[in-house]
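[1] how would this look folded up:
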Amino acid sequence: MSPVAETLIKECKQKLLTAKAELLNRVKESRNDLNNDDKGGDEADQTVRVLAEAEFLSRHERLRNQLMEIENALARIENGSFGICEETDELIEPERLRAIPWTRLSIEGAEIRESMNKKYAR
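    The predicted structure is shown next:
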């Protein structure tokens, strides 16, 4: 059983499922927009299309990463580890979970990880 309150877990799970549905819709819409583009045109049109495709791929990658975070959070709910910081093994603040239900780090854990990243980024 998770040490996080059951009502908070239910609230976060609903937010996660809603965010997942919205992300999947955004992916579908952007894919449709890209597929509906005209394939003809001069060099300028083709350049614009290539830039649009690059933007699509970049956006698609961000959405895919966010979707993976949401899926991981849903898995943590199922296995009982939801709401526990990966860095400190302490409970993540309820306000933080409500704001970012897919978060894996408490505020303290995020600060620790950020300082470690800065330390080893040199």
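[2] packing partners for the longest helix along the chain?
    Using DSSP state H, we find that the single longest helix of the chain is helix 43-79. Helices and strands touching helix 43-79, by 3 or more C-beta pairs under 8 Å, 6 or more residues apart in numbering; DSSP states H and E, are helix 6-35. (Glycine included, C-beta is placed from N, CA and C.)
[3] so which bits of the helix it packs on are buried?
    With burial defined by 16 or more other C-beta atoms under 10 Å, the residues of helix 6-35 counted as buried are 8-9, 12-13, 15-16, 19-20, 23, 27.
[4] quick one, phi/psi of the residue lying farthest from the centre of the chain?
    What lies farthest from the middle of the chain is D42; by C-alpha atoms, centre = their mean that is 37.6 Å. Main-chain torsions, D42, degrees, to the nearest 10: phi -80, psi -170.
[5] switch to numbering from 56
    Sure, I'll start numbering at 56, so the last one becomes D97.
[6] roughly how far apart are it and R153?
    Distance check for D97 against R153: by C-beta to C-beta, to the nearest Å, it reads 51 Å.
[7] mind showing which ranges of this protein have poor pLDDT?
    Residues of the chain that meet the criterion pLDDT under 70 lie in 56-57, 91-95, 177.
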